[in-house]
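[1] Pasting the sequence and the predicted model now:
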Amino acid sequence: MSTPVPVAAPSTLAAISRRTLFASFLKMGLLGFGGVLPWARRVIVDERRWLDDREFAELIGLCQVLPGPNVVNLAVIIGSRSHGPLGSLIAVTGILFVPAGLMLLIATFYASVAHEPVARNAIAGASAAAAGLILGTAVRLLLQTRPPLRGLLTGAAAFIAVGVLQWPLLWVIVVLIVVGVAAEWRASRAVDADR
Amino acid sequence: MTTTEILIEIAFRFATLSLVAIGGINAILPEIHRVVVDVEGWMSSAEFAELFALAQLSPGPNAMIVALVGWKVTGVAGALVATLAACGPSSVACYFAWAWADRLRQSKLRAIVQRALAPIAIGLILASGYTLALGADRSPGAVALTIVATAALAFTRINPFWILLAAGAAGVAGLA
């Protein structure tokens, strides 16, 4: 078992100025074509040295367990460590609100040319590929994590219930979390009993 | 429905989903699709898939898709309400929960919850891709593009932006 390291060393993060905080998260947002996470690592670990690789990986792991967009959670946590609630707001504005405003300009432009066959065909191709990017993300995660059979079963149940049967998400999630945690709990107890 | 009623509906629906978005916005996309396409009829499945492509083509987090959905329904006010509702509750929860979760880093409970949630999140992301593919794939060429993009993302390190641009060019060439 590894020794605990404090996520987000307070001294480093507390020293970040508001301007630097905003500029850094804005950079991650505006350079993040097709996903922000690689840029987040580059800016936070390589350029600013706010966290080392291991701290960053741990923090991302935490952001994935907490509900909500992972990089927005990352902005909330790092922002809060440097300037409290205001810091969170500054970081989220940089990584989410400003790029979203830019996206609305792009969407407005697209709406003005959407009647052109060229634009329609281009977006038809891109949306087919965009669906594939999400499927590919799922495949990649599956290969990386290689869940045991009990995990494959809860994952398959989530896919069939929400994707194929289009059941309301809320109840599916509540039931699957209870089942999944119970199954993991049993499995961990079996491991303990073997020791 | 008046605009105000629509905004309240968006706020309520998205805020409820915010706290169950484990694995990020992709986990709740099928539910957003179900609400805006099947339940409310605010747009077609193909339009939803187009919005998703636009959000992917723009720089920024994937979560921006919720702003675009709100924008499509009621303009800039819709974009703002949808974004705040989808990201606000989870951000507030994150603000207060992370220190507590951080202290639990070595605990058995957190490891168990993490292991239980991971495959569920993957199943939900798969459901998102499937839902989007149903909306986007209206020709054999489009199906082929989806399959190629899936393989390219899963098995190569190509930046997704180039995959989208190439697929857009293939679409212009009449392949989609």
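    Thanks, I have the structure now.
[2] Residue 41: neighbour count?
    No chain was given, so I picked chain A. Residues contacting residue A:41 under the criterion other C-beta atoms under 10 Å in any protein chain shown number 18. For every residue, glycine as well, the C-beta is placed using N, CA and C.
[3] wait, I meant chain B there
    Close neighbours of residue B:41, defined as other C-beta under 10 Å, add up to 8.
[4] Point to the residue nearest the middle of chain A.
    residue A:70 (2.6 Å; C-alpha atoms, centre = their mean).
[5] my guess is that one meets residue A:60, correct?
    Yes: counting by C-beta atoms under 8 Å, residue A:60 is a contact partner of residue A:70 at 6.6 Å.
[6] Name the residues contacting each of these two.
    Common neighbours of residue A:70 and residue A:60, counting by C-beta atoms under 8 Å, 6 or more residues apart in numbering or on different chains, are residue A:37.
[7] Which residues are in contact with residue 86?
    If you meant another chain, say so; for now it's chain A. A:18, A:79.
[8] other chain: chain B
    Here residue B:86 is in contact with B:14-15, B:17-18, B:21, B:25, B:28, B:63, B:66 (criterion: C-beta under 8 Å, 6+ apart).
[9] Can you give the distance of the helix or strand hosting it from its chain's centre?
    In this assignment (DSSP states H and E), residue B:86 forms part of helix B:65-103. Distance of helix B:65-103 from the chain centroid (C-alpha atoms, centre = their mean, to the nearest Å) equals 12 Å.
[10] Going by contacts, tell me the helices and strands next to the helix or strand following it.
    The helix or strand immediately downstream of helix B:65-103 is helix B:108-136, counting by DSSP H and E. When contacts are defined as 3 or more C-beta pairs under 8 Å, 6 or more residues apart in numbering or on different chains; DSSP states H and E, helix B:108-136 packs onto helix A:53-65, helix A:117-145, helix A:149-158, helix A:169-194, helix B:29-33, helix B:45-57, helix B:140-155.
[11] weakest of those by average pLDDT?
    Looking over the helices and strands packed on helix B:108-136, mean pLDDT reaches its minimum on helix A:53-65, with a mean of 80.
[12] circling back: and of the contacts of residue B:86, the nearest to chain A?
    Nearest to chain A out of the contacts of residue B:86 is residue B:63 (C-beta to the nearest C-beta; 3.7 Å).
[13] Show the contacting residues for that closest one.
    For residue B:63, the contacting residues are A:69, A:71-72, A:96, B:24-25, B:83, B:86-87, by C-beta under 8 Å, 6+ apart.
[14] from those residues, which is closest to residue B:41?
    Each of these was scored against residue B:41 by C-beta to C-beta, and residue B:86 proved nearest at 20.3 Å.
[15] The closest residue to residue A:89 other than its chain neighbours: what's it in contact with?
    Spatially, and ignoring its direct neighbours in sequence, residue A:89 is nearest to residue A:79 (7.0 Å; C-beta to C-beta, 6 or more residues apart in numbering or on different chains). With contact taken as C-beta under 8 Å, 6+ apart, residue A:79 is in contact with A:21, A:25, A:86-92.
[16] Just name the most buried of the helices and strands packed on helix B:108-136.
    When you average the neighbours per residue for each of those (mean count of other C-beta atoms under 10 Å in any protein chain shown), helix B:29-33 leads with a mean of 27.
[17] Surely residue B:28 touches residue A:169?
    Yes: contact criterion C-beta under 8 Å: residue B:28 and residue A:169 qualify, at 6.3 Å.
[18] Would you list the buried entries among the contacts of residue A:79?
    The neighbour-count criterion (16 or more other C-beta atoms under 10 Å in any protein chain shown) marks A:21, A:25, A:87-92 among the contacts of residue A:79 as buried.
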